[in-house]
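Asker: Pasting the sequence and the predicted coordinates here, then a few questions.
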Amino acid sequence: MQPLLDVRELEVKLFTRSGTVTAIDRLSFTVEEKETVALVGESGCGKSMTALAIMGLLPSPPARLTGGEVLLQGRDLARLGDSAMQKVRGRQISMIFQDPMSSLNPVMTIGAQLSEILRRHMGLTGASARKRAIELLAQVRIPDPQRRYDAYPHELSGGMNQRVVIAMAIACEPKLLIADEPTTALDVTIQSQILKLLRDLQLAYGMGIIFITHDLGVVAEMADRAVVMYAGRKIEEAPIDPLFEQPLHPYTRGLIGSTPAAEGRHSRLAEIPGSVPSLRDLPAGCAFSNRCPSVFAACHSERPPLIRPAPERAAACLLVQP
Amino acid sequence: MRRIILRRLLQAIPLILGVIVLNFALIQMAPGTMLDVITSEQQVSDPEQLEHLRRLYGMDQPSIVQLWNYILSVFRLDLGYSYRHGAPVIDVITAHLPATLILMLTSILLAAIVGVAAGVASSLKVNTIWDALISLCAVFFFAAPTFWLGIMLIIIFSVHLGWFPVGGMRTIGGDPGLFGATLDLLRHLALPAITLGLFYAAIYARVMRASMLEVQGLDFVRTARAKGLSPFRVTVAHVLRNALLPVVTLLGLQLSTVLGGSVVVEAVFNWPGIGSLMVDAVMSRNYPVVLGIFVLSACVVIVANLIVDLAYARLDPRIRAR
Amino acid sequence: MSGVRIQRFLGLLRAFARNRGAVLGMAIIAAVVIVALAAPLMFNYSPLRIVGRPEQWPFTSWRFPLGTDSLGRDVAAMVVYGARTTLMIGIVASLTATVIGVTVGAVAAYFGGWVDEVLTRITELFQTIPNIIFIMSVVAILGQRMENITIAIGLIMWPQIARLTRAEFMSLRDREFVQACKTMGMGNFRIMAGEILPNALPSVIVLASLVVASAILFEAAVAFLGLGDPNVASWGALIGDGRSLIRTSWYICAIPGFAIMLTVLALNLVGDGLNDALNPRLRDR
């Protein structure tokens, strides 16, 4: 069965005045229907850029998609022109972003912003659009949706605004939802409500979800599989439980080690020394070589290929036995 | 909303009082007593009239009392008498007011339409030759002194091309019919309105361009694109609606400068409005008219700013909430 | 300490020099200043003296490269001496405006409360009164002299500087280094002038350059209307004189107008350059 989304050898370059930089370096991964794949990594590793590349929303003066394919049910989105992509966005693939307070147009009511997507893709107008919009608001658990329809974004809290954003995202029953750090800007209690909402909606609509985050706790709660990224490259991929039980890549191990354990064990939080190298001065060989605790000579000269020691597991590390 | 109206009204009153006090201070600073100047410049020698004027201007009373009387008389719209025109100052001013209002409103309208259109066009074609051309024109019309621009326009379009009359508001002995009279007025209005409007169009174009570019980069625009909306809808309903806000504020703030600008333009084109009246009054040392215009125009500006403030509060829902 | 200051200054200079428009603007202004200073050397007679046949066109005679006006005065001399008037009024007016504006803005922001309220009302007052009308009133009552015009222009322009200074001071007032100075027992004036002001200065300098441009335009307008000082040559006055001759000798209007436009343009370019140099923005991601 062909996967819902098949990203193959995706390459995105940034063309700046001071040189050209590869932001995404031949990234490949798949997402199945009803599956949640987490894209994990620190800021700047390329996970948000991947999402934008899939949506065709790369900021075009510096960034450009220079290679690879993005197959949505077999159809290559990377080759589509913008007017064709407009029919895909919001309809087949939706995206929600990090900061709900700035994600909505401040001078339009939330009802109007919801209705405009219904008008665009579903052909609804006037009263029927309003009715459907109110249904959607109820579905994302916004209390008193009739009144909220005419509210402005600044009149609602962050959590409510994020629900509105989610309502806009599921309005046309998309096949794939990309969530870029949707809970990072919210309080912890609201966070879990939103995550639960997303899980329920996924069950109801059967969507695939790409969940972008740097928070491993959220990964553990939401994802079926995880793709770990570093400096624009995929360095590990695994189903959730095996990933946490036995991380293969030293970077993944470091990430998991630096997450406070839920049981509250009084072990010291491990810290990965050093910092992510700038994309302009990546070390030769493995990108993680200058911070890796298990580094050896070959790491500095050879770029490790993705090694698959087991089905569904991959890691780009020379230490991994194939 | 009502609270805002009340607050602004309360803020406007001390302003008006301040203007009146300033006016009074100017009167007191005149060399000799004002009475001497009025009477000598306007050739009043009848002793009965002199005594009437002395009592009218309260010359024999302490300054504070004079100030109080002056404030009261201003609120009664009693601004003195102009012997040159043989009528109360207030009547002279109101007779000349319509011409100035026509000029100002036409100019602002022209400036807003042309400026906003140019600014939007510039931002949509940013960093291309069109952008550069529009910016160049904007700089030219901004830096050139308004009166000089007017003269140059007269030289090109009136003297050499003969498309428009050289000055004045109406052709003496022209077509009395309504259609003909309106056409005649428009022909006379064209160059002055363009002259006054071009300066502000340049400002609006620049502000609009910057505003569009800034709004384009905001999060909610990214959300709108991610919803798959057409580029036209994104630009108009999301970017433009937000980008217009600074221009509207600007429009409001500039009412006092437009009034000043129209003074000069009226002088260039012999347009029979307040500006021409002012120039004439200054030349002939007609103090009552000079000061009457000062105090009245300042009050008009204060009231107009008040109206614009309230309009702005209507436009931006975020302000209404405060 | 001064070594660091010199380094920063050179850095700013380099940032400024990168902006070609700003350099061009600087060059134009330098040219105007040089011409203004060299006026007595170039023409050792008063520009208002009648020296030849009236209404001669430019480039028709060696003695009068820019022609003569309606009375037979040398246009070139008037333009050159006019530069002096223009620069003088522009600079003095904007200096006046800056001094008043910075003081009002700083005091209002620093002390807050009712002081702020009162000063803001006064600022609003001067900002609302229509500019030209105010100057004309002052000139009408106090007389057509350069000092009156200069002060009147200064009085119109200070509100913008006050507003900017106030905004800058307000954002700087609550920073830690100010608190530190207060705990050290520094007097208010020293804190305002010695600590906060140098940080607020860059934005004020940028605005001041634009204020000079506005002042020049105001002076020109007033002179054009015939309300300027009749004892000095002025670009605006020249345009005003030439108004009635636009059918035959329109060069009398055109030439000084170009001069004004170039100067104002140059000042705007310099202002933009200063803005870019003093408030760096991220350019590449």
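Answerer: Yes, it's here. Numbers count the residues shown, from 1 in each chain, chains lettered A, B, ... in the order given.
Asker: Can you name the residues of chain A that neighbour chain C?
Answerer: Residues of chain A lying close to chain C by C-beta under 8 Å from any C-beta of the partner chain are A:14, A:16, A:17, A:18, A:62. The C-beta positions use only the backbone N, C-alpha and C, and glycine is treated the same way.
Asker: Try it again at 6 Å.
Answerer: Within chain A, the residues that sit near chain C (C-beta under 6 Å from any C-beta of the partner chain) are A:16, A:17, A:62.
Asker: how about the helices of the stretch 101-250 of chain A, start to end?
Answerer: Secondary structure of the stretch 101-250 of chain A by DSSP state H, counting those that start in this stretch: the helices cover A:110-122, A:126-139, A:145-148, A:158-170, A:188-205, A:216-222, A:240-245, A:250-257.
Asker: and the ones you listed, which is most packed in?
Answerer: Mean neighbours per residue, mean count of other C-beta atoms under 10 Å in any protein chain shown, is largest over the helices of the stretch 101-250 of chain A for helix A:158-170, with a mean of 24.
Asker: Can I get that helix as PDB, trimmed to CA atoms?
Answerer: Taking C-alpha atoms only, helix A:158-170 is exported to PDB below (Å, rounded to 0.1, in the frame of the first residue of the first chain):
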ATOM      1  CA  GLY A 158      -4.100  31.500  23.600                       C
ATOM      2  CA  GLY A 159      -5.600  28.100  24.100                       C
ATOM      3  CA  MET A 160      -8.900  29.100  22.500                       C
ATOM      4  CA  ASN A 161      -7.100  30.700  19.600                       C
ATOM      5  CA  GLN A 162      -5.200  27.500  19.000                       C
ATOM      6  CA  ARG A 163      -8.500  25.600  19.000                       C
ATOM      7  CA  VAL A 164      -9.700  28.000  16.300                       C
ATOM      8  CA  VAL A 165      -6.600  27.400  14.300                       C
ATOM      9  CA  ILE A 166      -7.200  23.600  14.700                       C
ATOM     10  CA  ALA A 167     -10.800  24.100  13.600                       C
ATOM     11  CA  MET A 168      -9.600  25.900  10.400                       C
ATOM     12  CA  ALA A 169      -7.100  23.100   9.800                       C
ATOM     13  CA  ILE A 170      -9.700  20.300  10.000                       C
END
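Asker: which secondary structure element contains the residue nearest to residue C:248 when sequence neighbours are not counted?
Answerer: Computed as C-beta to C-beta, 6 or more residues apart in numbering or on different chains, the closest residue to residue C:248 that is not its neighbour in sequence is residue C:55, at 6.9 Å. Assigning secondary structure by DSSP states H and E places residue C:55 outside every helix and strand.
Asker: Quick check, residue C:55 in contact with residue C:251.
Answerer: No. Residue C:55 lies out of contact with residue C:251 (C-beta atoms under 6 Å); the separation is 9.6 Å.
Asker: More neighbours: those two, which one.
Answerer: Neighbours were counted for residue C:55 and for residue C:251 using other C-beta atoms under 10 Å in any protein chain shown; residue C:251 has more, 20 against 17.
Asker: What is the neighbour count of residue 60?
Answerer: In the absence of a named chain, chain A is used. 9.
Asker: Can you look at chain C instead?
Answerer: Counted with other C-beta under 10 Å, residue C:60 comes out at 10.
Asker: So it: helix, strand or coil?
Answerer: Counting by DSSP: H, G, I helix; E, B strand; the rest coil, the backbone at residue C:60 sits in coil.
Asker: Next: the one 4 residues further on.
Answerer: The assignment at residue C:64 comes out as coil when based on three-state DSSP.
Asker: quick one: contacts for it?
Answerer: Residue C:64 makes contacts with C:52, C:56, C:74, as judged by C-beta atoms under 6 Å, 6 or more residues apart in numbering or on different chains.
Asker: go with 10 Å
Answerer: Going by C-beta atoms under 10 Å, 6 or more residues apart in numbering or on different chains, residue C:64 touches C:51, C:52, C:53, C:56, C:57, C:58, C:72, C:73, C:74, C:75, C:76, C:77.
Asker: what's the pLDDT at the residue of the stretch 101-250 of chain C found nearest chain B?
Answerer: Residue nearest to chain B within the stretch 101-250 of chain C: residue C:132 (3.8 Å; C-beta to the nearest C-beta). With respect to pLDDT, residue C:132 scores 87.
Asker: What of residue B:2?
Answerer: Note on residue B:2: pLDDT of 71.
Asker: What count of nearby residues applies to residue 149?
Answerer: Assuming you mean chain A. With other C-beta under 10 Å as criterion, residue A:149 counts 18.
Asker: please go with chain C instead
Answerer: Neighbours around residue C:149, by other C-beta under 10 Å: 27.
Asker: Please name the residues that touch it.
Answerer: Applying C-beta under 10 Å, 6+ apart to residue C:149 gives the contacts C:85, C:89, C:93, C:135, C:138-139, C:142-143, C:215, C:218-219, C:222-223, C:227-229, C:234.
Asker: and residue A:25, what helix or strand is that in?
Answerer: Using DSSP H and E, residue A:25 falls within strand A:19-31.
Asker: just how off-centre is the helix or strand residue B:310 falls within within its chain?
Answerer: Residue B:310 belongs to helix B:287-315 when assigned by DSSP H and E. Computed by C-alpha atoms, centre = their mean, to the nearest Å, the chain-centroid distance of helix B:287-315 equals 9 Å.
Asker: List the buried residues of it.
Answerer: B:287-302, B:304-306, B:308-309, B:313 (16 or more other C-beta atoms under 10 Å in any protein chain shown).
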